[in-house]
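Participant: here you go, sequence then predicted model.
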Amino acid sequence: MMSTSAVTFQEALEIVESLPDYQQDDLIEIIRKRRLDRRREALLENVKEGQAEYERGECRTGTVEDLMREIDE
């Protein structure tokens, strides 16, 4: 089992570079998928928050022209 001590970025790179190429490729794919999952979860939270604000009546609707007119005022 790995120790809980922090690893520097450089140390992490050295560890990854010590892996065989196929494991480096697998690691890259795993990291890419996990990042996508986190972005998806964050987006879902933003959508839920927006829906809740809309249901509470905290959102306004309008066209781009309405928005631009309001900004100019």
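Facilitator: That came through, no problem. Since the structure is predicted, the reported quantities are computational estimates derived from the model, not experimental observations.

Participant: helices or strands up against the longest helix seen in the chain?
Facilitator: Secondary structure of the chain per DSSP state H: the longest helix is helix 21-55. For helix 21-55, the elements it packs on are helix 9-17, judged by 3 or more CB pairs under 8 Å, 6 or more residues apart in numbering; DSSP states H and E. All C-beta spots, glycine's among them, are computed from the backbone N, C-alpha and C.

Participant: ok, residues contacting the helix it packs on?
Facilitator: In this structure, residues lying in contact with helix 9-17 by CB atoms under 8 Å, 6 or more residues apart in numbering are 7, 24, 27.

Participant: tabulate those (a markdown table), appending pLDDT and neighbour count.
Facilitator: Shown next, in a markdown table, are those (pLDDT from 0 to 100; neighbours: other CB atoms under 10 Å):
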| residue | pLDDT | neighbour count |
| --- | --- | --- |
| Val7 | 93 | 12 |
| Gln24 | 98 | 13 |
| Leu27 | 98 | 13 |
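
Participant: kindly reformat the residues you listed as CSV containing distance to Leu13.
Facilitator: Formatted as CSV, the contacts of helix 9-17 follow (distance: CB to CB, whole Å):
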residue, distance to Leu13
Val7, 10
Gln24, 11
Leu27, 12
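
Participant: now, which of those residues sits nearest Met68?
Facilitator: Distance to Met68 across the contacts of helix 9-17 (CB to CB) is lowest for Leu27, with 47.1 Å.

Participant: what is the mean pLDDT for stretch 61-68?
Facilitator: Averaging the model's pLDDT scores along stretch 61-68 yields 89.

Participant: actually, stretch 33-50.
Facilitator: For stretch 33-50, mean pLDDT rounds to 97.

Participant: contacts for it next, please.
Facilitator: The list of residues contacting stretch 33-50 from outside it, by CB under 8 Å, 6+ apart, reads Cys59.

Participant: at 10 Å what do you get?
Facilitator: The contact list for stretch 33-50 (CB atoms under 10 Å, 6 or more residues apart in numbering) reads 58-59.

Participant: okay, which residue is most central for the chain?
Facilitator: Closest to where the C-alpha atoms of the chain average out (CA atoms, centre = their mean) is Arg39, at 2.9 Å.

Participant: fine, thanks again, bye for now.
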